[in-house]
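> sequence first, then the predicted structure:
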Amino acid sequence: MHSERMDHDIQLAKKIEAGLIAQQILDQGLDSPIATSVELQILATEGRQAKDDLILAHLGLVRVIAAEAAKKKSVPLADLFQEGCVAMQHAVMNFDYRKGPFGPYAGMWIRSAVRRISARPWVPLDNVELVDSKSAVVYDDSDNHEGLARVLQLIPPRQGEILRKRHGWDGSARTRKEIAAELGLTISKVRHLERKGLASMKELWELSQAA
C-alpha cells in the first residue's frame, strides 16, 4: 500500500512538472517541436489538476501535524491547519520526485510552518478594542498600524480582507454592498465573513489576555 502511494505521488509529480513546462512554453509564446499548442494546453491543465490531487491526497498529514501542535500550543487548530495547507502547496511546487518520497518532504514543510506560527508571540492588541455588545472593532489611527496588520495575518485571509475593506484599514471604508460587488459575493456572505473575522480577532484578544 505504501509503495502504491509513492508510485501515485510520483506520477502526479511528473504531471505537475510537465504541466509547468508546458505552461512556460505557452506563456513565452514559443514553438515546441514535440507538441502542438492544444497538446500543451492539455498538459498544463493536467498539471494543475495533478497539483490539486497531490494536495488533497495528503491533507490528512496536515490535519495530524496541526492537531499535534494544537495540543501543545494555544494557537487555534484552524490557524495551524490553514498554515499547514499553505506549506503543503509550497511543498508540492518544490518537490523533486527523483530525490525521495513526497510524504516526508511535505511533512518537513508543514512542521516548519506549524512551528513558525506556534512560536509567533500573540500580538498584544493594544491598538484594537473589541466591543462585545456591538461586535465592532475600534481602531485608533494615531497608533502604529503594524500591530493591527500583524493581527489580521493570523485570521483567515478572506476574513481579514473583508475587515480591511469594511473598516477602511486599507485606505477607505466600503459598504457591504460595495465589498460584495468587488469580491463577487452576496451581501449576506460578506456580513457572515465579517462577523467570523471579528470573532476570530476576539478570540485572539482573549488568548493574548490569558497568556
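Sure thing, it's come through.
> quick one: contacts of the helix or strand containing residue 106?
Using DSSP states H and E, the secondary-structure element containing residue 106 is helix 102-119. Helix 102-119 is contacted from outside by 5-6, 9-10, 13, 54, 58, 61-62, 65-66, 69, 72-73, 75, 79-80, 83-84, 86-88, 90-92, 94-95, 99, using C-beta atoms under 8 Å, 6 or more residues apart in numbering. For the C-beta atoms, the positions are set from N, CA and C on the backbone; glycine is no exception.
> rerun at 7 Å
With C-beta atoms under 7 Å, 6 or more residues apart in numbering as the contact definition, helix 102-119 has outside contacts at 9, 13, 58, 61-62, 65-66, 69, 73, 75, 79-80, 83-84, 86-88, 90-91, 95.
> check stretch 59-69 too.
Contacts to stretch 59-69, defined as C-beta under 7 Å, 6+ apart, come from residues 77, 80-81, 84-85, 88, 103, 106-107, 110-111, 114, 118.
> quick one: mean pLDDT for it?
Averaged over stretch 59-69, pLDDT sits at 88.
> now swap in stretch 12-24 and tell me
The average pLDDT for stretch 12-24 rounds to 92.
> so what touches it?
The contact list for stretch 12-24, computed with C-beta under 7 Å, 6+ apart, reads 40, 43-44, 46-48, 50-51, 53-54, 92, 95, 97, 102.
> of all the residues in the helix or strand containing residue 45, which ones are buried?
Using DSSP H and E, the element containing residue 45 is helix 37-57. Neighbour counts using 16 or more other C-beta atoms under 10 Å place 40, 43-44, 46-47, 50-51, 53-55 of helix 37-57 among the buried residues.
> include pLDDT and distance to residue 28 when you put those residues into JSON lines, please.
Formatted as JSON lines, those follow (pLDDT from 0 to 100; distance: C-beta to C-beta, whole Å):
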{"residue": "40", "pLDDT": "90", "distance to residue 28": "11"}
{"residue": "43", "pLDDT": "93", "distance to residue 28": "15"}
{"residue": "44", "pLDDT": "92", "distance to residue 28": "13"}
{"residue": "46", "pLDDT": "93", "distance to residue 28": "19"}
{"residue": "47", "pLDDT": "92", "distance to residue 28": "16"}
{"residue": "50", "pLDDT": "91", "distance to residue 28": "22"}
{"residue": "51", "pLDDT": "88", "distance to residue 28": "20"}
{"residue": "53", "pLDDT": "89", "distance to residue 28": "26"}
{"residue": "54", "pLDDT": "91", "distance to residue 28": "25"}
{"residue": "55", "pLDDT": "86", "distance to residue 28": "27"}
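> longest single helix anywhere in this protein?
Secondary structure assigned by DSSP state H gives helix 2-28 as the longest helix of the chain.
> centre of the chain to that helix, how far?
Computed by C-alpha atoms, centre = their mean, to the nearest Å, the chain-centroid distance of helix 2-28 equals 22 Å.
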